[in-house]
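>>> how would this look folded up:
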Amino acid sequence: MHKPVALITGASTGIGYEMAKIFAARGYDLVVVARTAKNLKELHDHLSPLVKVTYIPLDLSQPKAALTLFNKTKKAKLEIDVLVNNAGFGTSGDFVDLELKRELQEIDLNVRVLTELCHLYGAEMAKRKKGKILNVASTAAFQPGPWMSVYYATKAYVLHFSEGLAEELRPRGVQVSVLCPGATVTEFAGTAGVQKSKLFKSKILKPATAEAVAIYGVNKFLKGKLLIIHGAVNKFLAFGNRFTARIVARKIAGYLNRA
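Model (predicted):
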């Protein structure tokens, strides 16, 4: 009997790490991908010996990394039943003052690689007429975000791409969902330089734990929900943007993104 396999990118820390534990507890074998081999091995050692864990240290922001990953899983004869595109990062500051190379890496990882992996593994799933894809976006996807302009734009792409792809692949037996977390306690804030921003210091928008987001996200995903937003306040803000003038939405986002 085929044991289902979940491939999770960005699995060494944060939401991806917690998702890996949840899928393992639900009877999945794992393929976990991140830059740091040491962190992936720690995840491997933490899980039950009954769970087969294939860990692949790989910097997905590098050229042809997505194809390299796909070929590695094909060579290992791993049939991927669930693809979780969680890898990504953010940057903050005045766009024209930021390092362009880093901004382009952000676009590559958050957008290009996610798109490539959806195409490579999605095509395999469509042939088999079964499979599931979970793309991790953000509540940032619902409005422009001054001082994090590239990050917000990449997550808007992930949201819209995922919703469109869901309609295309549903008749072919493949489910696509998109998870939109709000502020979450992970390494993201430190990497993006927003740990002292009003968003992460807000008492109203209190950051969630990675475990809480992962549990909620995986549960809704496995029940077939397309758009998954964690937290009542985040849901209100995301859908409230439909009734808010865009100038107001971007002013609020800009205010929250600054220290």
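>>> please make it C-alpha for all contacts and neighbour counts, starting now.
OK.
>>> which stretches in the stretch 101-250 of the chain count as helices?
114-128, 149-169, 188-192, 198-201, 210-222, 232-240, 246-257 (DSSP state H, counting those that start in this stretch).
>>> residue ranges with poor pLDDT in the stretch 51-200 of the chain?
Across the stretch 51-200 of the chain, residues meeting the criterion (pLDDT under 70) sit at 185-200.
>>> how about residue 89, secondary structure?
Counting by DSSP: H, G, I helix; E, B strand; the rest coil, the backbone at residue 89 sits in coil.
>>> run a quick neighbour tally on it.
Using other Cα atoms under 10 Å, residue 89 is surrounded by 18 other residues.
>>> go ahead and confirm it touches residue 106.
Yes: contact criterion Cα atoms under 8 Å: residue 89 and residue 106 qualify, at 6.3 Å.
>>> list the residues that contact both of those two?
Residues within reach of residue 89 and of residue 106 at once, by Cα atoms under 8 Å, 6 or more residues apart in numbering, are residue 151.
>>> for residue 219, see how far away the closest residue in space to residue 225 that isn't next to it in sequence is.
If the residues on either side of it in the chain are set aside, residue 225 comes closest to residue 177, at 6.5 Å by Cα to Cα, 6 or more residues apart in numbering. Going from residue 177 to residue 219 by Cα to Cα, to the nearest Å gives 12 Å.
>>> which one of those two has more residues nearby?
Taking other Cα under 10 Å, residue 177 and residue 219 do not tie; residue 177 has more neighbours (25 against 15).
>>> and the more buried one, what is it in contact with?
132-135, 162-163, 166, 221, 224-228.
>>> could you rank those residues by neighbour count and give me the top one?
Going by other Cα under 10 Å, residue 133 tops those with 27 neighbours.
>>> surely that residue and residue 84 touch.
Yes: Residue 133 is in contact with residue 84 according to Cα under 8 Å; the separation is 5.9 Å.
>>> residue 181 and residue 229 touch, don't they?
Yes: applying Cα under 8 Å as the test, residue 181 and residue 229 come out as touching, 5.9 Å apart.
>>> neighbour-wise, which of the two wins?
residue 181 (26 against 23).
>>> for that one, give me its contacts.
136-139, 213, 229-230, 234.
>>> excluding chain neighbours, what is closest to it?
Distances taken as Cα to Cα, 6+ apart put residue 138 closest to residue 181, at 4.9 Å, once the chain neighbours are dropped.
>>> next one: that neighbour from residue 175, what distance?
In terms of Cα to Cα, residue 138 sits 19 Å off from residue 175.
>>> residue 183 and residue 213 touch, don't they?
No: between residue 183 and residue 213 there is no contact under Cα under 8 Å: 10.0 Å.
>>> picking that back up, between the contacts of residue 177, which sits nearest residue 45?
residue 134 (24.9 Å; Cα to Cα).
>>> for the closest one, give me its contacts.
Taking Cα under 8 Å, 6+ apart, we find residue 134 in contact with 82-85, 176-179, 221.
>>> strands - which of those land there?
Among those, the members falling in strands (DSSP state E) are 82-85, 176-179.
>>> okay, those residues in JSON lines with distance to residue 206 next?
Listed next are the ones in strands among the contacts of residue 134 as JSON lines, based on distance: Cα to Cα, whole Å:
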{"residue": "82", "distance to residue 206": "30"}
{"residue": "83", "distance to residue 206": "29"}
{"residue": "84", "distance to residue 206": "25"}
{"residue": "85", "distance to residue 206": "25"}
{"residue": "176", "distance to residue 206": "28"}
{"residue": "177", "distance to residue 206": "25"}
{"residue": "178", "distance to residue 206": "22"}
{"residue": "179", "distance to residue 206": "18"}
